[in-house]
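K.L.:
sharing a model that was predicted from the sequence below.
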Amino acid sequence: MLNCSLPMIDAHIHLDLYNPADAQQIMDECQSCGIKRVIAVSMNLASSLVNQEWLQRYPEQVKVAYGFHPEQKLPSEAECQQLFDWINQHQTEMVAIGEVGLPYYTQLEAKNNGQAFSQKPYIQLLERFVQIADLYQKPIILHAVYEDAEIACDLLEQYNVTKAHFHWFKGSEETTRRMSRNGYYISVTPDVVYEPEIQQLVRQYPLEQMMVETDGPWPFEGPFTGQITHPSMMKESCAVIASMKGLSIEETASILYHNTKRFYGV
Ligand SMILES: [Zn+2]
């Protein structure tokens, strides 16, 4: 049994995508599991409104980010404007812009189905979010994997935005080096327990720029098969990261916790 008193922060969770009773149970259990905070990211405006309710109910434990998840149909210009206006009105309550990024999996699926797909409007939308992050001086939470991470890096460099969090990152060694050099952070999900690709990334990336997350309610495999994704799963992630970095679990958890606190200012 892992030490349950280790303070931890779930750096990326979709509270609004859980069935409300499950989300409630998670929030009730967080304290006894040592989960001090969760960073609740948003899919779009409707999702931002739900996360805002969680923030109002749990102002200490829930910290929110507002944005538009790239793996969905593009919003109309009117919808974009509504979201930007809303972010503008609520920017003091959010700790970051997110989740935003590029539609890697949607594009892959379109390609596999022989359908045409234009990434360009998604890149333009991401550029607007980078500008907003820069304007409000907030961190930006990115869904940008493999080749898409390079496009995200180009935009971040163009606007000199350095507070970037690539959640559940996967990509080439070269891009990984570019990201760590630029001071960007990554976060690791519970799949680090059973995915060699993620274990390799953990070996390569500086622990000082790493966080842990669940991306809940996204389900996991291996020892987590069939379980509702819960922030307490991050203890297992921590144990694996600790063994890869040759540190104790306590030391590793403490570094990850302080990284997240520092990055999000929470
Ligand atoms: Zn996510």
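P.N.:
Arrived safely.
K.L.:
burial count for whichever residue of the stretch 101-250 of the chain sits closest to the ion?
P.N.:
Going by C-beta to the ion, the ion is nearest to residue 215 of the stretch 101-250 of the chain, at 4.6 Å. Yep, even glycine has a C-beta here, placed from its N, CA and C like the rest. Residue 215 has 23 neighbours, counted by other C-beta atoms under 10 Å.
K.L.:
residue 115: what secondary structure?
P.N.:
In three-state terms, and counting by DSSP: H, G, I helix; E, B strand; the rest coil, residue 115 is coil.
K.L.:
who's in contact with it?
P.N.:
By C-beta atoms under 8 Å, 6 or more residues apart in numbering, residue 115 lies in contact with nothing.
K.L.:
pLDDT at it, what is it?
P.N.:
Note on residue 115: pLDDT of 96.
K.L.:
so how far is residue 265 from it?
P.N.:
42 Å (C-beta to C-beta, to the nearest Å).
K.L.:
the lowest-mean-pLDDT helix or strand in the chain: what's the following helix or strand?
P.N.:
One helix or strand of the chain scores below all others by mean pLDDT, DSSP states H and E: helix 20-33, with a mean of 95. Next helix or strand after helix 20-33 toward the C-terminus (DSSP states H and E): strand 35-40.
K.L.:
starting at the chain centroid, how far to that next one?
P.N.:
Remark: strand 35-40 is offset 12 Å from the chain centroid, using C-alpha atoms, centre = their mean, to the nearest Å.
K.L.:
swap in stretch 189-206?
P.N.:
Per C-alpha atoms, centre = their mean, the centroid offset for stretch 189-206 relative to its chain is 15 Å.
K.L.:
so how far does it reach from one end to the other?
P.N.:
16 Å (C-alpha to C-alpha, to the nearest Å).
K.L.:
kindly report the same for stretch 64-82.
P.N.:
OK, stretch 64-82 end separation, C-alpha to C-alpha: 18 Å.
K.L.:
repeat for stretch 187-200
P.N.:
14 Å.
K.L.:
stretch 160-180 now?
P.N.:
By C-alpha to C-alpha, one end of stretch 160-180 lies 15 Å from the other end.
K.L.:
same question for stretch 128-143.
P.N.:
For stretch 128-143, the separation between the terminal residues is 15 Å (C-alpha to C-alpha).
K.L.:
what mean pLDDT does that stretch have?
P.N.:
Here the average pLDDT along stretch 128-143 is 98.
K.L.:
residues in contact with it: which ones?
P.N.:
12, 39, 41, 65, 67-71, 80, 84, 87, 91, 94-102, 104, 149, 152, 155-156, 158-161, 163-168, 263-264.
K.L.:
of the residues you listed, which are in range of the ion?
P.N.:
residue 99 (C-beta under 5 Å from the ion).
K.L.:
just the buried members of the contacts of stretch 128-143?
P.N.:
Applying 16 or more other C-beta atoms under 10 Å to the contacts of stretch 128-143, the neighbour count classes 12, 39, 41, 65, 67-71, 80, 84, 87, 94-102, 104, 149, 152, 155-156, 161, 163-168, 263-264 as buried.
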